[in-house]
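Novice: return atomic coordinates for the entry below.
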Amino acid sequence: MIDAVDIREWRTRDVVDSDGRKIGSLEAVYVDTRTDEPSVATVLIGMPTRHRLVFVPLTGAVVGPGYVRVNYAKSVVKDAPSMGTDDVLPAEDEKAVFSHYDLPYEPGPSGERQLARR
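Specialist: Predicted coordinates:
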């Protein structure tokens with residue numbers, strides 16, 4: 001797994017898909033609230049006047065010289081749940097991020113969020 005301290009240093013670096021195609025720029029890292037390990041990143045995509053942030057899991061991601069390679073195709077990431085560049089991920093929308101990538105969603109025992117932005 002990528003160390004949380006290391007991945008934060010890659011903000012604004014390219015995010016590429018499993019085939020090396022650029023998806024966008026790393027905007028933020030969300031950690032799993034149970035483990036405090038990097039779990040999901042937001043990627044800035046779109047036209048200069050119409051940016052949005054999409055979510056992509058960091059499981060199996062690799063940091064290279066100037067990029068972060070994720071294990072998902074560009075088309076899958078671009079279709080992922082998104083939000084505006086000034087928005088915050090509402091707790092009720094977290095499950096959709098995990099569902100899009102066919103990953104299990106496991107909130108805390110009292111319904112606590114699974115993701116926290118770091």
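Novice: what residues sit buried inside the top helix by length along the chain?
Specialist: Secondary structure assigned by DSSP state H gives helix 94-100 as the longest helix of the chain. Going by neighbour count (16 or more other C-beta atoms under 10 Å), the buried part of helix 94-100 is E94, V97, F98, H100. C-beta: built from backbone N, CA, C; applies to glycine.
Novice: and which of those is nearest to V40?
Specialist: Closest to V40 out of the buried residues of helix 94-100 is V97 (6.5 Å), distances taken as C-beta to C-beta.
Novice: that closest one contacts T42, correct?
Specialist: No: between V97 and T42 there is no contact, the gap being 9.9 Å when judged by C-beta atoms under 8 Å.
Novice: who touches both of these two?
Specialist: Contact criterion C-beta atoms under 8 Å, 6 or more residues apart in numbering; residues shared by V97 and T42: F55.
Novice: that older thread, and the contacts of the longest helix of the chain?
Specialist: 40, 55, 76, 79-81, 89, 104-105, 107, 113-115.
Novice: give the buried subset of those as a ChimeraX selection command.
Specialist: Buried subset of the contacts of helix 94-100, written as a ChimeraX selection, criterion 16+ other C-beta under 10 Å:
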select :40,55,76,80,81,89,114,115
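Novice: ok, back up a step: which one of the buried residues of helix 94-100 sits closest to N71?
Specialist: Out of the buried residues of helix 94-100, the member with the shortest distance to N71 (by C-beta to C-beta) is H100, at 13.9 Å.
Novice: next one, pLDDT for the closest one please.
Specialist: Looking at H100, its pLDDT is 97.
Novice: that one and V77, how far apart?
Specialist: Relative to V77, H100 is positioned 9 Å away (criterion: C-beta to C-beta, to the nearest Å).
Novice: beta partners for the residue positioned nearest the centre of the chain?
Specialist: Most central residue of the chain, judged by C-alpha distance to the mean C-alpha position with C-alpha atoms, centre = their mean, is A41 at 2.1 Å. A41 has these beta-bridge partners by DSSP bridges: V29, V56.
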